[in-house]
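> Sharing a model prediction with you, sequence too.
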Amino acid sequence: MLSHALNGLRCAMEGTTDGGARGGNDLPRAASIYMDLEEAVDNPSEQYAEREEFEKLYYALVASSRQLISGARGHLVGDSASE
């Protein structure tokens, strides 16, 4: 359950489907997966550990996305300056 939810979150954050096709930003799906993770366990300490794992992945993907966007913007600015 957890690995399936984390894979779904990764796809939602990357804007892909499980098949790798690009899609739009799917934040409602990510929120739904987050709620699924909260409901997946009965033991609160296990739930907190899963939440921590989820948040680490989420923030790593957000940081990676921001770096990609920033790099792409820099590349586009550099291309237009050379014309």
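Nice, I can see it.
> Let's test this: mean pLDDT of stretch 70-77, rounded?
For stretch 70-77, mean pLDDT rounds to 86.
> Same check on stretch 36-43?
Rounded mean pLDDT across stretch 36-43 is 74.
> got the end-to-end distance for it?
Start-to-end span of stretch 36-43 (Cα to Cα, to the nearest Å) is 14 Å.
> What of stretch 33-53?
Start and end residues of stretch 33-53 are separated by 13 Å (Cα to Cα).
> List the buried residues of that stretch.
Neighbour counts using 16 or more other Cβ atoms under 10 Å place Ile33, Tyr34, Leu37, Val41, Glu50 of stretch 33-53 among the buried residues. For glycine as for every other residue, the C-beta is placed from the backbone atoms N, C-alpha and C.
> Same check on stretch 57-66?
By 16+ other Cβ under 10 Å, the buried positions in stretch 57-66 come out as Tyr58, Leu61.
> Alpha carbons of that stretch, in CSV - could you do that?
Below are the C-alpha coordinates for stretch 57-66, written out as CSV (Å, rounded to 0.1, in the frame of the first residue of the first chain):
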residue,chain,number,x,y,z
LEU,A,57,10.0,12.5,-0.9
TYR,A,58,7.5,15.3,-1.5
TYR,A,59,10.0,18.1,-0.6
ALA,A,60,12.8,16.4,-2.6
LEU,A,61,10.6,16.3,-5.7
VAL,A,62,9.5,20.0,-5.1
ALA,A,63,13.2,21.0,-4.9
SER,A,64,14.1,19.0,-7.9
SER,A,65,11.2,20.5,-9.9
ARG,A,66,12.3,24.0,-8.9
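> What about the buried residues of stretch 33-53, which are in helices?
When DSSP state H is applied, the buried residues of stretch 33-53 are split such that Ile33, Tyr34, Leu37, Glu50 fall in helices.
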